[in-house]
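A.B. asks: This is a predicted model, with the sequence first.
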Amino acid sequence: MSIIGRMGRVLANISGVGHRRWKEPKEPQIVAIGGGTGLSTMLRGLKAYTSNITAIVTVADDGGGSGILRQDLGMLPPGDIRNCILALANTEPIMEKLLQYRFTEGMLKGQNFGNLFLAAMDGISPSFEQAVQRMSDVLAVKGRVLPVTLQDIKLYAQLEDGYVIAGESKISSHNNFHKGPIGRVYLKPEGVKPFYEAIRVIYDADAIVLGPGSLYTSIIPNLLVEGICEAIKRSKALKIYVCNVMTQPGETDGYSVASHIRAIEDHSFKGIIDYCIYNTSDISEDLKNRYTADGADIVRVNIGEMKELDVGFLGGDYVCISNAYIRHDTNRLAKTIIELVHKNLFSRNQKMPTYYYRKGFKNLVQ
């Protein structure tokens, strides 16, 4: 063989060795559990850091347009799932605007076009989970959206005085007809089975994030599905809870950060949360007064209570004001979550620095 031929083989071997040694860094696998506006807001920030996102969404919603479709078509409520799909979608702004369009008159008044889209997809699909996947494919979703269960469920709340409220939509408004703090919530029928994929992704996750969102009607209902808490307990993932900025009338009146955590533990198990992210930034008096008039207040930060819990706490400025509403700042929140995941993975000797450098977050690698 000529010198050139031998050199070619050597270079090929070197190239092959280099190719075998190089592996594209694995993006962190994050599972977000909840529902409502809070969950979809957080997902918009997280998708900038990883495409390995799975949203596990409650299907207890029985109000508004979702409730009507649920009753008329016998399908699972589409609203929260639609919001999460759109949050993770890679689509044109006009398409998102279309799918978020709410009819203002006629027989469809109050109904959301995105809900109708998912209902139609359900009509041409063998199952609801396939309808969700097909809608996700159409909208080029970065990640996955899963219902926590495929069963038709109903959420109940028992107040501390024993009074029982039936239906998710009535729980948050129960102060209008029967005032009192919530003692516990539960599902019917008993023994609700989880969607099998939800269990699998929880086991495989690097981080499990609860919230933000309505405590008793968006977050806790997922934990009441059989097998979900056990999967979270057995998972090696970092468990993070994102606490709400404001209390919710009828659900968390007068609650502190610690009160939220205790309610979650009471409906699951102690140790379900490794870290809690909460807001410490100021909110203008005008905005606070507006919320107070509607029965909501800033979630209290009681350091003494928090020290009694076996939880790590991360306080910071996580608020943004959107259309005069208090929301979590999706970018700052996502960055904090990714920092926590990064540190946890490194403590387990899983080297991922290349991924973070490639994404442009050199400050995350210390």
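C.D. replies: All right, it came through fine. Computed from a predicted model, the values in this text were never measured in an experiment.
A.B. asks: make it CA atoms for all contacts and neighbour counts henceforth
C.D. replies: Will do.
A.B. asks: which residue ranges form the strands in the stretch 1-150 of the chain?
C.D. replies: 30-34, 53-57, 144-147 (DSSP state E, counting those that start in this stretch).
A.B. asks: Enumerate every residue touching Asp310.
C.D. replies: By Cα atoms under 8 Å, 6 or more residues apart in numbering, the contact set of Asp310 is 271, 274.
A.B. asks: next one: the one 4 residues further on
C.D. replies: With contact set as Cα under 8 Å, 6+ apart, Leu314 has these partners: 275-278.
A.B. asks: now the residues you listed as TSV including neighbour count, pLDDT and secondary structure?
C.D. replies: TSV is the format used below for these (neighbours: other Cα atoms under 10 Å; pLDDT from 0 to 100; DSSP: H, G, I helix; E, B strand; the rest coil):
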residue	neighbour count	pLDDT	secondary structure
Tyr275	20	97	strand
Cys276	21	98	strand
Ile277	21	98	strand
Tyr278	24	98	strand
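A.B. asks: Tell me which of the strands of the stretch 1-150 of the chain lies nearest to Tyr186.
C.D. replies: strand 30-34 (15.6 Å; Cα to Cα).
A.B. asks: Average pLDDT for the closest one, rounded please.
C.D. replies: In this model, strand 30-34 has a mean pLDDT of 98.
A.B. asks: Poorly predicted segments of the stretch 251-366 of the chain, please.
C.D. replies: Across the stretch 251-366 of the chain, the ranges flagged by pLDDT under 70 are 348-366.
A.B. asks: Gly180 and Glu160 touch, don't they?
C.D. replies: Yes: Gly180 is within contact range of Glu160, at 6.9 Å (criterion: Cα atoms under 8 Å).
A.B. asks: and the nearest residue to Ala205 once chain neighbours are set aside, what does it touch?
C.D. replies: Once flanking residues are discounted, Ala205 sits nearest to Gln29: 5.1 Å by Cα to Cα, 6 or more residues apart in numbering. By Cα under 8 Å, 6+ apart, the contact set of Gln29 is 50, 52-54, 204-207.
A.B. asks: how about the contacts of Leu314 in JSON lines, adding distance to Thr217?
C.D. replies: Shown next, in JSON lines, are those (distance: Cα to Cα, whole Å):
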{"residue": "Tyr275", "distance to Thr217": "22"}
{"residue": "Cys276", "distance to Thr217": "19"}
{"residue": "Ile277", "distance to Thr217": "20"}
{"residue": "Tyr278", "distance to Thr217": "20"}
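A.B. asks: any idea which of those residues is the one closest to Asp297?
C.D. replies: Distances from Asp297 to those, taken by Cα to Cα, are shortest for Tyr278, at 14.6 Å.
A.B. asks: ok, that closest one - contacts?
C.D. replies: 242-245, 257, 313-316, 318.
A.B. asks: with those in mind, which one is nearest to Gly295?
C.D. replies: Val245 (14.0 Å).
A.B. asks: who does the helix or strand hosting Leu187 pair up with?
C.D. replies: Using DSSP states H and E, Leu187 maps to strand 182-188. Here strand 182-188 is paired, per DSSP bridges, with strand 154-159 (antiparallel).
A.B. asks: Summarise which helices and strands whichever helix or strand comes after the partner strand is packed against.
C.D. replies: Per DSSP H and E, strand 154-159 leads on to strand 164-166 as the next helix or strand towards the C-terminus. Helices and strands touching strand 164-166, by 3 or more Cα pairs under 8 Å, 6 or more residues apart in numbering; DSSP states H and E, are strand 154-159.
A.B. asks: Can you tell me what sits against the strand it packs on?
C.D. replies: So strand 154-159 is in contact with 60, 164-168, 171, 180-189, 217, 221, going by Cα under 8 Å, 6+ apart.
A.B. asks: which ones are touching Ser284?
C.D. replies: Contacts of Ser284 (Cα under 8 Å, 6+ apart): none.
A.B. asks: gap between it and Gly38?
C.D. replies: 21 Å (Cα to Cα, to the nearest Å).
A.B. asks: again, but for Ile272
C.D. replies: Counting by Cα to Cα - Ile272 and Gly38 are separated by 20 Å.
A.B. asks: quick one: low-confidence parts of the stretch 1-150 of the chain?
C.D. replies: In the stretch 1-150 of the chain (pLDDT under 70), the answer is 1-25.
A.B. asks: returning to what we had before: which ones among the contacts of Tyr278 lie within helices?
C.D. replies: Using DSSP state H, Val257 are the members of these that sit in helices.
A.B. asks: Buried ones among the contacts of Tyr278?
C.D. replies: Applying 16 or more other Cα atoms under 10 Å to these, the neighbour count classes 242-245, 257, 313, 318 as buried.
A.B. asks: Among these, which ones are in strands?
C.D. replies: 242, 313 (DSSP state E).
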